[in-house]
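J.: quick check, what structure comes out for this input:
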Amino acid sequence: HLATSLPLPSGRDHLRPRIDLIVFMIDIKSKYSLKNVEASLAHVDASFFLGKVCFLVTGVGRVNACSIETSAVCKLGEAYCSPMLFCELELEGIRVATAQRLHRMLQICAGHIPGVSALSFVSLMRSSDDD
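T.: Modelled structure (predicted):
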């Protein structure tokens, strides 16, 4: 399910499926994209940031077209203790690899991978990023 911003409309709460993972997409070429994500973050329950939120930053292949500093996006991930995925959606190989990564994250967050919780997965990602 896709939404352009949060909060989600409440009129159909009874029909909404369980939310296992929230992926905030930030187009590094659009300041509006970052502002929209920052505004939407206020509508996410704090408990979701324990392994069920990630940031997908697109457009990273064209450094000269960036409107947002990469450091600003990275600070957002650090502030919310959530993983960051960087990709260029125009390149098929990277797009496929990113989709596979997101799918695996979703499987973990939904509890479909025995022995791995969303929180432990995020901890593993963070420790490998710090090395």
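J.: count the neighbours of the residue lying closest to residue 80 once chain neighbours are set aside for me.
T.: Spatially, and ignoring its direct neighbours in sequence, residue 80 is nearest to residue 49 (5.2 Å; CB to CB, 6 or more residues apart in numbering). To be clear about C-beta, it is placed using only N, CA and C from the backbone, and glycine gets the same treatment. Residue 49 has 16 neighbouring residues, counting by other CB atoms under 10 Å.
J.: lowest average confidence across helices and strands of this structure, where is it?
T.: Every helix and strand of the chain was ranked by mean pLDDT, DSSP states H and E. The lowest is helix 118-130, at a mean of 62.
J.: residue 56 - that's part of a helix, no?
T.: No. Assessed with DSSP: H, G, I helix; E, B strand; the rest coil, residue 56 is strand; it does not lie in a helix.
J.: now do the buried residues in stretch 94-102.
T.: 94, 98, 102 (16 or more other CB atoms under 10 Å).
J.: just the residues you listed now: which is nearest residue 10?
T.: residue 102 (26.5 Å; CB to CB).
J.: just the mean pLDDT for the helix or strand the closest one falls within, thanks.
T.: Using DSSP states H and E, residue 102 maps to helix 92-109. Mean pLDDT, helix 92-109: 92.
J.: and if you look at stretch 55-70?
T.: 80.
J.: residues making contact with that stretch?
T.: 23-31, 33-34, 37, 73, 76-77, 82-91, 98, 102 (CB atoms under 8 Å, 6 or more residues apart in numbering).
J.: from those, which land in strands?
T.: If you go by DSSP state E, the contacts of stretch 55-70 have 23, 24, 25, 26, 27, 84, 85, 86, 87 in strands.
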